[in-house]
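In: kindly return the folded structure for what I paste below:
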Amino acid sequence: HFRMAELGCFASTRSSGINAEYGGGAVDEWDVVGEILDEEFVGKPWSEMSTAERVKKILWIILRLIIIVTSLYFFIVSLSFLSSAFQLLGGKSAGEIFAKGSLLNNPIIGLMIGVLVTVLVQSSSTSTSIIVAMVSAGIVTLKPAICMIMGANIGTTVTNTIVSLGQSMDRKMFRRAFAGATVHDCFNWLCVCIFLPLEVIFHPLGKLSSLITSGIPDDGEVSKVDFLKVLTKPLTKKIIVIEKATIKEIAKYCTEGPTYDKLHCSEARNASMMEVCDDADTLAYEPCSFLFSKLGLSDPAAGVILLFASLFVLCACLTILVKTLQSLLMGRMAQTLKRHINTDLPRPFGWFTGYLFIIVGMGMTILVQSSSVFTSTITPLVGMGVISIDRMFPLTLGSNIGTTATAILAALAATGDHRSLTIQVAVSHLMFNIFGIIVFYPIPWMRQIPLSMAKCLGNTTANYRWFAVVYLLLMFLVLPLTLIALSFNVYLFYVVLSLIILVILTVVIVTTLQRHIPHRLPAWLRTWKFLPRPLRSLDPYDRIITGCGCFEKKAAPEELPAIPLRTVTVAPK
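Out: Numbers count the residues shown, from 1 in each chain. The predicted model follows:
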């Protein structure tokens, strides 16, 4: 079994199961309610405390709550700065990608462009708003817009995956945090694998959204309400203000077609991504007063400085937040909180618990107007064990629905001849997420598919911490760029894509057969040992990567729980 641990997917779950079977004391890493509390952290019961001790305890709790709220505020602000940094560094590139109108006709490329652009601007709200604006301007039709919306759904998960790296110093917390972050990735990728082919062949989302939005006039306007920015904007606007219209102008005026304008395209490409207020044409406005405007830096220089500063603030706030929550949520309070959050409702309403958390996730995301902020905020709680991954899953599903409110509001605020089509794109985004929930959540064994995938990734990162960085680069940068590059040769593109799909299906099918009916397989196919070691184990890569001293080596076997042995006497027949 421990030799199989090198694959990273089943080591922890199997070890816990074996220990339970043989009477060992190991605890399932994913069972946060059943964790055994350390007696030194249980503390003195309230009834046994003196008046002075009670006052001291209350004041200490109030102080920690103030620290938590403050660090949470600056954590959210750092996410805003991180988004601004990526827009300074890659905003124009995102606009140029959207301007490649001919590429968007390929559904896979449209999907990957949605992923890549959302990663570059670090905001699905921004990318979906750009897509909605392009549809409103008549640059993009409904079919490629739906594919790009699906890609934006995937790209938005990169933020909470980055946040999970802040807990990489603790193996146990990192396992949970990374799994909690990537369960969102796994769900979105699975939904795309099902609904993208269906949409290309049968267009169910396009037809249903057309039915829902039929009769909507191409006039009227709805103003957008953003609750979160009311709190964060007073601080963020003093540091940096991004001109998001530049991305839309590049996408609009640099696209070959009726909207192409050479002069405006050149102006948009040469414009700064930072808001400019002191031009000769804008003397009527107040000069820009934010910090980076006064420094006179170029977009790349300002983006690099802001990127490192935002990552530093994010990591600092995350560390303070986690440590303070750990000191506050310990002992009886921790156990009580975990039990109430992770336990189902009493009968006969136990089945409704998950759906209640979907509603909570949706409501919180609508409130903060950002799925990235909401999921990134609860990811550290998953790492700490306050929220189990089984509870994180419905919260992220609700967050997926809540984030569509941004696109719907942007569509309702649009004007012009394509307003009804714009609303149709936003409704397609909503229907895509609802259909995904219908497929993967009501049936218990179906919801275990994304959960098992996320736990597999969590186990792998617990053994090989560098895998988290490789995963981020591969899934959110290398894969989209590779497929976009291959799209210039259509035949090569489909050959490579077919090979990728064939390899994935083969691995899944053979692994399933190995686990359930190995006796029906040839002897050589019952394990993966017939493959070269680099194709079936991460150990060779681990030795190379950890050799430079950048990452900690794989967990040693002694760190895994020991399996107690027992003597079994077998009577001769």
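In: for this structure, which helix is longest?
Out: helix 51-99 (DSSP state H).
In: what is the burial count for residue 498?
Out: 10 (other Cβ atoms under 10 Å). All C-beta atoms are positioned from the backbone trio N, CA, C, and that covers glycine.
In: so where does it fall, helix or strand?
Out: Applying DSSP states H and E as the criterion places residue 498 in helix 490-516.
In: just checking, next helix/strand downstream of that helix?
Out: Past helix 490-516, the next helix or strand by DSSP H and E is helix 533-536.
In: counting by contacts, list what that following helix packs against.
Out: On a contact count with 3 or more Cβ pairs under 8 Å, 6 or more residues apart in numbering; DSSP states H and E, helix 533-536 meets helix 539-547.
In: buried sites along the helix it packs on?
Out: Buried residues in helix 539-547, counting neighbours by 16 or more other Cβ atoms under 10 Å, are found at 539, 542, 545, 546.
In: which one among those residues gets closest to residue 130?
Out: Checking the buried residues of helix 539-547 against residue 130 with Cβ to Cβ, the nearest one is residue 545 at 36.7 Å.
In: what angle separates whichever helix or strand residue 302 is part of from helix 51-99?
Out: Taking DSSP H and E as the criterion, residue 302 maps to helix 299-328. Per axes from the mean of the first three to the mean of the last three Cα atoms, to 10 degrees, the angle that helix 299-328 makes with helix 51-99 is 150 degrees.
In: what helices or strands is helix 299-328 leaning on?
Out: Partner elements for helix 299-328 (3+ Cβ pairs under 8 Å, 6+ apart): helix 51-99, helix 291-295, helix 371-384.
In: in a markdown table: these, plus mean pLDDT, distance to residue 505 and mean neighbour count.
Out: As requested, the helices and strands packed on helix 299-328 are exported to a markdown table (pLDDT from 0 to 100; distance: least, Cβ to Cβ, whole Å; neighbours: other Cβ atoms under 10 Å):
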| stretch | mean pLDDT | distance to residue 505 | mean neighbour count |
| --- | --- | --- | --- |
| helix 51-99 | 80 | 30 | 18 |
| helix 291-295 | 79 | 49 | 15 |
| helix 371-384 | 85 | 30 | 26 |
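In: I'd like those as JSON lines, with distance to residue 358 appended.
Out: As requested, the helices and strands packed on helix 299-328 are exported to JSON lines (distance: least, Cβ to Cβ, whole Å):
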{"stretch": "helix 51-99", "distance to residue 358": "23"}
{"stretch": "helix 291-295", "distance to residue 358": "40"}
{"stretch": "helix 371-384", "distance to residue 358": "13"}
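In: nearest to residue 314, of the ones you listed?
Out: Per Cβ to Cβ, nearest to residue 314 of those: helix 51-99, 4.0 Å.
In: the closest one: how far from the chain's middle?
Out: Between the centre of helix 51-99 and the centre of its chain there are 17 Å (Cα atoms, centre = their mean, to the nearest Å).
In: same for it, what does it pack against?
Out: Helices and strands touching helix 51-99, by 3+ Cβ pairs under 8 Å, 6+ apart, are helix 107-121, helix 124-136, helix 227-239, helix 245-253, helix 299-328, helix 371-384.
In: if we use 10 Å, what do you get?
Out: Here helix 51-99 touches helix 107-121, helix 124-136, helix 158-164, helix 227-239, helix 245-253, helix 262-270, helix 299-328, helix 371-384, going by 3 or more Cβ pairs under 10 Å, 6 or more residues apart in numbering; DSSP states H and E.
In: circling back: so for residue 496, which of the helices and strands packed on helix 299-328 sits nearest?
Out: Closest approach to residue 496 among those (Cβ to Cβ): helix 51-99, 19.9 Å.
In: any idea how far the spatially most central residue of the chain lies from residue 379?
Out: With distances taken as Cα atoms, centre = their mean, the residue of the chain nearest its centroid is residue 157 (1.9 Å). Counting by Cβ to Cβ, to the nearest Å, the separation of residue 157 from residue 379 is 11 Å.
In: that'll do, ta.
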